[in-house]
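A.B. asks: One predicted model, sequence on top.
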Amino acid sequence: TTVAQTAHAPAAVRTTVDKRWPRVALPRTPRRTTDLSPYRALLVAMNPHPTAHDIEQRMMALLASFLHDPDTVSRLGNGTTTLRTVREEALGSSAGGKRIRALLAYDAFHAISCAAHNADQGHAMSDGSATADRSMLDLACAIEVYQTSALIHDDIIDESAVRRGRPSAHRHLSDVMADRRQGSGLALMLGNTLATASVAIAHEALSHLPNTEAGTRAFLDMQHAVEIGQMLDLSLERMPLDSPKDLVTAAVDVDHWKTASYTAVAPLELGALAGGMEPVRARRLARTVGAPLGLAFQLYDDLLDIVGSSARTGKPTGGDIREGKRTVLLADALNLADEPTRAYLAHAFTSEARDEDTITTVMAIYEDTGAIDSSRCRIDALLDDSVQALRDSGLATETIDALSHACSRVVPRTAHPGHPTHGTRTPPEHNGGM
């Protein structure tokens, strides 16, 4: 696109080109009244998909606007300093990450809205207008804000010291307040505040997109699913280790509710709804494609905890072992190990704590028993299921191709020995799994 072409583009298109993704919180955007359909091709060419950096910048602006309410601040009195500390931590905890959930949601929106336009289905706001793009960006940011909320709560529950290469929120606030109880309490309320912020941001964004009611319901369903998953995860810690098969079933159930729900299912559903897809079909697409994709993501995150590096993940290697997590990796190792090794694992994971020597030994057991290769096979099988669900979705070939590309960025083929993609792809960094 040339400068001359930009100069003669409609004002709404020039605004998108010049400002791209605004860095400040926007006032409520009036509903679109001008049809920009004739400029669809030009708009797409001049307004590329947002990057992770674009999403983070917009997310920070939205959070700053939500957290800094002059009326609230003016009535706080002596609490102003504490609120400022929590506000700074909210922005600090929100920094970093690959924004894969937001990118998946936006890509789904773009793929579905393009299909709706090409089919001339006439869905409101599905023609790629600047208003729809901006609203979808904000909706994608809302998912990431909720992600931060969930991670803060997860770190409190797991007593994790590090997140994304920096002290976790509750650890940092405990240091600032010089009191562990106050720091954990503030972090708990910070997580709640960010969850509220995510709903507020999503509500405003959805008011300018199709399927507003269905989108709101999907966003709240996402949060409720994670809450259920977190409770199931806590109950899993008490599960006996004498039945690897039952442990696999229970661990997968946790991963489905706690991770897949907001890593893949909700982003796909929200993007499809915002793109104009009928709600029942959007939910079916999200569940059949997103559920196996989200499970694959969590298994890959568990794998990186063993074979990755702290620099890549932003968390200490072996963190799941250190915390005594009942994972699919552990279940596979129990199933594949001989009796003495199985007894060692059972003792290690039922002990109050695991020292560094124990963590190193367990990591070696995961490798020696073939549990790691088993996990890689599980991941690839889940990705195959996700791809097949896309092929069976009845969508146009172009839409399937676009969604397939978007999903491939969430988690890579594990490239285990013998897989046709072995050695051909560099895995993306993961630093946001729970």
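C.D. replies: Yes, it's here.
A.B. asks: drop to CA atoms for contacts and neighbour counts, all remaining ones
C.D. replies: Will do.
A.B. asks: Next one: residue 130 relative to residue 272, how far apart?
C.D. replies: 18 Å (Cα to Cα, to the nearest Å).
A.B. asks: More neighbours: which of these two?
C.D. replies: residue 272 (30 against 21; other Cα atoms under 10 Å).
A.B. asks: Which residue, neighbours along the chain excluded, lies closest to that one?
C.D. replies: Nearest residue to residue 272, sequence neighbours excluded (Cα to Cα, 6 or more residues apart in numbering): residue 109, at 5.2 Å.
A.B. asks: any idea how far residue 390 is from the one you found?
C.D. replies: For residue 109 relative to residue 390 (Cα to Cα), the value is 15 Å.
A.B. asks: Buried ones in stretch 263-281, by neighbour count?
C.D. replies: By neighbour count with 16 or more other Cα atoms under 10 Å, stretch 263-281 contains the buried residues 263-277, 279.
A.B. asks: Stretch 164-172 too?
C.D. replies: Using 16+ other Cα under 10 Å as the test for burial, stretch 164-172 gives 164, 165, 167, 168, 169, 170, 171, 172.
A.B. asks: Quick check: the gap between the residue nearest to residue 391 when sequence neighbours are not counted and residue 375.
C.D. replies: Closest residue to residue 391 apart from its sequence neighbours, by Cα to Cα, 6+ apart: residue 400 at 6.8 Å. Note on residue 400: its distance to residue 375, by Cα to Cα, is 27 Å.
A.B. asks: Compare these two (neighbour count), which wins?
C.D. replies: The neighbour comparison of residue 400 against residue 375 (other Cα under 10 Å) goes to residue 375, with 23 against 20.
A.B. asks: Regarding residue 326, what is its secondary structure?
C.D. replies: coil (DSSP: H, G, I helix; E, B strand; the rest coil).
A.B. asks: Pull the number of nearby residues for it.
C.D. replies: 23.
A.B. asks: quick one: contacts for it?
C.D. replies: Residue 326 sits next to 236, 237, 247, 251 when contact means Cα atoms under 8 Å, 6 or more residues apart in numbering.
A.B. asks: quick one: which of those residues is nearest residue 139?
C.D. replies: Comparing the contacts of residue 326 against residue 139 with Cα to Cα places residue 251 closest, at 29.9 Å.
A.B. asks: thinking residue 250 is in contact with residue 236, fair?
C.D. replies: Yes. Residue 250 lies in contact with residue 236 (Cα atoms under 8 Å); the separation is 7.2 Å.
A.B. asks: ok, these two, which is more surrounded?
C.D. replies: Between residue 250 and residue 236, counted using other Cα under 10 Å, the more crowded position is residue 250 (20 against 17).
A.B. asks: What's the separation between the more buried one and residue 171?
C.D. replies: 30 Å.
A.B. asks: returning to what we had before: who's more crowded, residue 109 and residue 390?
C.D. replies: Higher neighbour count among residue 109 and residue 390: residue 109, with 31 against 22, using other Cα under 10 Å.
A.B. asks: Name the secondary structure element that contains that one.
C.D. replies: helix 100-118 (DSSP states H and E).
A.B. asks: Mind checking what helix or strand follows the helix or strand hosting residue 365 in sequence?
C.D. replies: Using DSSP H and E, residue 365 sits within helix 356-368. Next in sequence after helix 356-368, counting helices and strands by DSSP H and E, comes helix 371-391.
A.B. asks: From the contact counts, what lies against whichever helix or strand comes after that next one?
C.D. replies: Remark: after helix 371-391, the chain's next helix or strand is helix 397-408, criterion DSSP H and E. On a contact count with 3 or more Cα pairs under 8 Å, 6 or more residues apart in numbering; DSSP states H and E, helix 397-408 meets helix 100-118, helix 371-391.
A.B. asks: can you give me the angle whatever helix or strand comes next after the first one makes with helix 100-118?
C.D. replies: The element immediately downstream of helix 100-118 (helix or strand, assigned by DSSP H and E) is helix 130-158. Here helix 130-158 runs at 150 degrees with respect to helix 100-118, directions being taken by axes from the mean of the first three to the mean of the last three Cα atoms, to 10 degrees.
A.B. asks: before we move on, the earlier item: ok, the residue nearest to residue 391 to residue 112 distance?
C.D. replies: 10 Å.
A.B. asks: Could you grab the helix/strand/coil label for the closest residue to residue 100 other than its chain neighbours?
C.D. replies: Excluding its sequence neighbours, the residue lying closest to residue 100 (Cα to Cα, 6+ apart) is residue 410, at 6.1 Å. Under three-state DSSP, the three-state class of residue 410 is coil.
A.B. asks: OK, contacts around residue 410?
C.D. replies: With contacts defined as Cα under 8 Å, 6+ apart, residue 410 is in contact with 100, 101, 104, 293, 297.
A.B. asks: could you redo those as CSV and give each row neighbour count and distance to residue 230?
C.D. replies: Below are the contacts of residue 410 laid out as CSV (neighbours: other Cα atoms under 10 Å; distance: Cα to Cα, whole Å):
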residue, neighbour count, distance to residue 230
100, 23, 21
101, 22, 19
104, 27, 23
293, 28, 19
297, 25, 17
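A.B. asks: Can I get these in JSON lines including pLDDT and distance to residue 153?
C.D. replies: Below are the contacts of residue 410 laid out as JSON lines (pLDDT from 0 to 100; distance: Cα to Cα, whole Å):
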{"residue": "100", "pLDDT": "95", "distance to residue 153": "20"}
{"residue": "101", "pLDDT": "97", "distance to residue 153": "18"}
{"residue": "104", "pLDDT": "97", "distance to residue 153": "24"}
{"residue": "293", "pLDDT": "98", "distance to residue 153": "24"}
{"residue": "297", "pLDDT": "96", "distance to residue 153": "20"}
